[in-house]
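Engineer: mind folding the following:
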Amino acid sequence: MKSEALRKLFAFGLVGGGASLLHIAVAVAMDWFFILSIFVVNLVGFLTAFLWSYLGHYHWTFRSSKSHRQAVPRFALTALAGYVVNNGVLLACTLTTGRVSVWFVVLAVGISAGVVYLALSVWALGERSS
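Structural biologist: Predicted structure coming up:
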């Protein structure tokens, strides 16, 4: 693997890991302090982590030369696709087990990360896209 590809994976891991930890921390805190649907706390966690993730991936992970005008909508669509995957995993976990657990959010965030990396690198922020 090329050194630039390794750098991108490392940066994605740090930025995405930080965003994921922020997402999870907000969801856990909201679950702890408020009586809300697991899907509501997951949404608030997702929205909180969105800005961190965009700025980190745009400037550091992919070092994108795209304008923010082009990159933000693409990033938002990619993040939304990741969020749909995330909620699909969350729904599958709750329906399969018959339980509601904030730990399902942790699993869902992890699974959706791979989908998001691919979409960001080949379309939203990567230089191979137009």
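Engineer: show me where the chain has helices.
Structural biologist: Per DSSP state H, the chain carries helices over the ranges 3-33, 38-56, 68-97, 103-119.
Engineer: residue furthest from the geometric center of this structure?
Structural biologist: residue 98 (25.4 Å; CA atoms, centre = their mean).
Engineer: can you report phi and psi for that residue?
Structural biologist: phi 70, psi 10 (degrees, to the nearest 10).
Engineer: so which of the helices of the chain is nearest residue 62?
Structural biologist: Between residue 62 and the helices of the chain, the tightest spacing by CB to CB is seen for helix 3-33, at 6.8 Å. (C-beta placed from N, C-alpha, C; glycine too.)
Engineer: distance between that closest one and the chain's centre?
Structural biologist: The chain centroid and the centroid of helix 3-33 are separated by 7 Å, computed with CA atoms, centre = their mean, to the nearest Å.
Engineer: now do it against helix 103-119, angle only.
Structural biologist: 150 degrees (axes from the mean of the first three to the mean of the last three CA atoms, to 10 degrees).
Engineer: which elements pack onto helix 3-33?
Structural biologist: helix 38-56, helix 103-119 (3 or more CB pairs under 8 Å, 6 or more residues apart in numbering; DSSP states H and E).
Engineer: what is the rounded mean pLDDT of that helix?
Structural biologist: For helix 3-33, the mean per-residue pLDDT is 91.
Engineer: quick check: the gap between the residue farthest from the centre of the chain and residue 9.
Structural biologist: Distance of residue 98 to residue 9, given as CB to CB, to the nearest Å: 37 Å.
Engineer: what's the answer for residue 19, then?
Structural biologist: 15 Å.
Engineer: and those two? which has more neighbours close in?
Structural biologist: Neighbour count, other CB atoms under 10 Å: between residue 19 and residue 9, residue 19 has more, with 26 against 14.
Engineer: test my guess that that one contacts residue 49.
Structural biologist: Yes - at 4.1 Å, residue 19 counts as touching residue 49 under the criterion of CB atoms under 8 Å.
Engineer: in this structure, which helix or strand is least confident?
Structural biologist: Ranking every helix and strand in the chain by mean pLDDT, DSSP states H and E puts helix 103-119 at the bottom, with a mean of 85.
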